[in-house]
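Peer 1: Structure for the following, please:
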Amino acid sequence: MSAGRAIPLREAAWIAAFAGVVACVPLVSSSGVVLNFVMTALYATLIAQAWNILGGFGGQFSFGHALFFGTGAYIQAIAQLQGGINAWVALPMAVAGAAAVGLFVGALSFRYGLKGSYFALVTLAFAEVFRILALSVSFTGGGVGLMVPLRESAANLQFASRAGYLWLVLAFVVAALAVTCWLRNGRFGAYLQAVRDDEDAARAVGVDPFRVKLAAICLSGAFMGAAGAFYVQVFQYIDPGIAYGATTSVEALVAAIVGGIGTLWGPVLGALVLHVLADATRNLFGELPGINMVIYGTVLVLIVIFAPRGIAGIGRSVREAWAGSGRGRGG
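Peer 2: Presented below is the predicted three-dimensional model:
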């Protein structure tokens, strides 16, 4: 498939329409509640899409994607606080650093053929190791964490309203959607999905599973690093529990699975549904500890039982069932 057709015009138009509609939200509503909801939903979409690149298209399920998130977050904070580096310059450093960690973890894991539950546990273990390291060394602030000082200016990547952050995370999401679209239709994506379906068969036709999976984990880690850097700029604080804790990893994989792994729009739908449910539950039960994890677990179980293809796959399942019943009547 040629590079010119790697992103079909129709899908590019849908991505552009999505970006245009969401970008106009701050222009039609100045409500902090609305802007914050859209911003956090986009943030959830970003981490879900990052997980989807490796887990959905590559078939490498990770339980520790917070590893890349936390690395990006700490690089973003440390570069500003201790390096005196502008936040805009620190941002690509955070993305590159998270991708480098992905390269390191992938090289160790895939070189020795780890996959399935073994790979999932390795990523979880690495996230915990990095959390302990962040607690132990001084330049991360230890258990106290790091706080980025407020210097409100677009030049410092600190915006006066949620609108600026919304547009920033929207740019990341659009980039992630474009990469996902490329994976769905491009040559590398075909290699990656072939490795996911059957590594031995892919190797037999000349595909190198190690290199393909290594590139996928780097891509996935880069987008998680961008999410970590974004988090630091919005909340101006990071500590080991936030950076490498299980919450981010769970949110990323659950949103992707609920929406539909290996799809373009599944993570968007999954993130939206989970945030609507989380907000509704928060209004009903208040800030009960762990209520979000209960919601995620419940929704995940229901989706796995009743819609294993996720929300994005429901329409396809209905069409297939309708086509099957039509053939049955015709027979």
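Peer 1: now the nearest residue to A134 once chain neighbours are set aside: how far from L300?
Peer 2: Spatial nearest neighbour of A134, excluding adjacent residues (C-beta to C-beta, 6 or more residues apart in numbering): P240 at 3.9 Å. Bear in mind the C-beta positions are built from the backbone N, C-alpha and C, glycine included. The spacing between P240 and L300, counted by C-beta to C-beta, to the nearest Å, is 26 Å.
Peer 1: more crowded one of the two?
Peer 2: Using other C-beta atoms under 10 Å, the more surrounded residue of P240 and L300 is P240, with 22 against 18.
Peer 1: gap between that one and G83?
Peer 2: For P240, the distance to G83 - C-beta to C-beta - is 20 Å.
Peer 1: try L302
Peer 2: 46 Å.
Peer 1: Next: L272.
Peer 2: For L272, the distance to G83 equals 37 Å [C-beta to C-beta].
Peer 1: In terms of packing, which of these two has more residues around it?
Peer 2: Taking neighbours as other C-beta under 10 Å, L272 and G83 compare with L272 leading, 20 against 12.
Peer 1: Helix or strand: which one has the more buried one?
Peer 2: helix 266-285 (DSSP states H and E).
Peer 1: For that helix, C-alpha coordinates in CSV please.
Peer 2: Extracted as CSV, the C-alpha positions of helix 266-285 are listed here (Å, rounded to 0.1, in the frame of the first residue of the first chain):
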residue,chain,number,x,y,z
GLY,A,266,-13.2,2.7,20.0
PRO,A,267,-10.9,4.5,22.6
VAL,A,268,-12.8,7.7,22.0
LEU,A,269,-16.2,6.1,22.7
GLY,A,270,-14.8,4.1,25.7
ALA,A,271,-13.2,7.2,27.3
LEU,A,272,-16.4,9.2,26.8
VAL,A,273,-18.7,6.5,28.3
LEU,A,274,-16.4,6.0,31.3
HIS,A,275,-16.2,9.7,32.0
VAL,A,276,-20.0,10.1,31.8
LEU,A,277,-20.4,7.2,34.2
ALA,A,278,-17.7,8.5,36.5
ASP,A,279,-19.2,12.0,36.7
ALA,A,280,-22.7,10.6,37.2
THR,A,281,-21.5,8.3,40.0
ARG,A,282,-19.5,11.1,41.6
ASN,A,283,-22.6,13.3,41.7
LEU,A,284,-24.6,10.4,43.3
PHE,A,285,-22.0,9.1,45.8
